[in-house]
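[1] turn this into a structure:
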Amino acid sequence: MMLKEFKEFALKGNVVDMAVGIIIGGAFGKIVTSLVNDVIMPPIGVLIGSLDFSKLTLQVGTGPAPEFEPVVVRYGAFLNTVVDFLIVAFCIFLVVRQMNRLTAKLVPPPAPVLRDCPRCATPIPTKAKRCPHCTSELDAT
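    Coordinates of the predicted model:
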C-alpha cells in the first residue's frame, strides 16, 4: 500500500518537473558562480584598486596556539555570494516574466457565462431557459 502511494507521488508530473528544475538550477548556479567570480568581479576589483573580493578578510582573533591560523571573517566570499544571488534572482525573474508572457498568449479567454435576455436586457446565465427577471422563455443558444 505504502509503496503504491510512493510510486504515485514520485511519478506525478510536478515532482519530476521539480527534480529537473533542481538539477538544472544546480548547473545554472555553477555558471553564475563562474560569471561572477571570473567575469564580473575582476573588472570591479580593478575599478576599485585591483582587489580580489574572494580574498578580502577581517581578522577577528588569533588561533589557540601560534601554529594555528588566525580567526578571520571572509566577507569577500560573502560579497561574491551576494552578487551570485542577485544575478540568479534577476535571471529567474526574467525567465518567469517571459514564461508569464508566453502563457498569457496561449490561454484562450474564458467562455462567457452570461448573456442578455432579448426581452428585458437583464444579464442571465447562458444555459437559462427562462429569464428570472421578466419570466420570458428563451431560445436555446
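[2] CA atoms for contacts and neighbours, from now on please.
    Will do.
[3] and Ile124, what element?
    strand 123-125 (DSSP states H and E).
[4] can you name every helix or strand that that strand contacts?
    With contacts taken as 3 or more Cα pairs under 8 Å, 6 or more residues apart in numbering; DSSP states H and E, strand 123-125 sits against strand 114-116.
[5] pull the residues that contact the strand holding Ile124.
    Val113, Leu114, Arg115, Asp116, Cys117, Cys131, Pro132 (Cα atoms under 8 Å, 6 or more residues apart in numbering).
[6] the last one is in what secondary structure piece?
    Using DSSP H and E, no element contains Pro132; it sits outside every helix and strand.
[7] and it, its phi and psi?
    phi -70, psi -20 (degrees, to the nearest 10).
[8] what's the burial count for the spatially closest residue to it that is not a sequence neighbour?
    Excluding the flanking residues, the one nearest Pro132 by Cα to Cα, 6 or more residues apart in numbering is Ile124, at 7.7 Å. Burial of Ile124 is recorded as 17 neighbouring residues (other Cα atoms under 10 Å).
[9] per-residue pLDDT, Ile124?
    For Ile124, the pLDDT comes out at 89.
[10] that one pairs with what?
    Legend: beta-bridge partners of Ile124 under DSSP bridges are Arg115.
[11] Leu79 contacts Phe53, correct?
    Yes: applying Cα atoms under 8 Å as the test, Leu79 and Phe53 come out as touching, 7.2 Å apart.
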